[in-house]
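Peer 1: build me a model from this:
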Amino acid sequence: MNKNTTRDKHLSAIRLCQDLGFEVFINIILSYPGEDIEDAEMTLSLVKETNPDNISVTGSFPFLAQLSSGSSGKRDGWMLNGADIQ
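Peer 2: Coordinates of the predicted model:
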C-alpha cells in the first residue's frame, strides 16, 4: 500500500494507546497487490503481540479493467479502466 511506515512504528503507536487507556481497533486489509505470505504473517504476528480490543480483517479484490473500454492500464499492481488512470 506504500504507506511509508513500519511494523515497529505500528507497535509503538499501539503500545502508547494501550498505555494511555485507549481501546485499540486494528483494521487489516490482506492480499493487497504486491504483498506476499510473509507480509500477512508479519501482520498477524503484530495482532497476536498487541492483543487489540477489536479487529477487522478484509480482503483486497481489485477491479479488473473493462476490456471493451479500449483504454486500460496498470498502476501498483491494480488493473484500472481509463477513467481511473492519472
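Peer 1: for the closest residue to Tyr32 other than its chain neighbours, what are its contacts?
Peer 2: Distances taken as Cβ to Cβ, 6 or more residues apart in numbering place Ser60 nearest to Tyr32, at 4.5 Å, with adjacent residues excluded. Quick note: C-beta positions are derived from backbone N, CA and C, even for glycine. The neighbourhood of Ser60, defined by Cβ atoms under 8 Å, 6 or more residues apart in numbering, consists of 29-33.
Peer 1: with Gly59 instead?
Peer 2: So Gly59 contacts 29-31 (Cβ under 8 Å, 6+ apart).
Peer 1: ok but Asp39 is inside a strand, no?
Peer 2: No - under DSSP: H, G, I helix; E, B strand; the rest coil, Asp39 sits outside any strand and is assigned helix.
Peer 1: please renumber the chain so that the first residue is 435 from this point on.
Peer 2: Fine by me, first position is 435 from now on; the one you just mentioned is Asp473.
Peer 1: show the pLDDT at it.
Peer 2: Predicted confidence (pLDDT) for Asp473: 87.
Peer 1: pull the number of nearby residues for it.
Peer 2: 13 (other Cβ atoms under 10 Å).
Peer 1: and if you look at Leu445?
Peer 2: Leu445 has 13 nearby residues by other Cβ under 10 Å.
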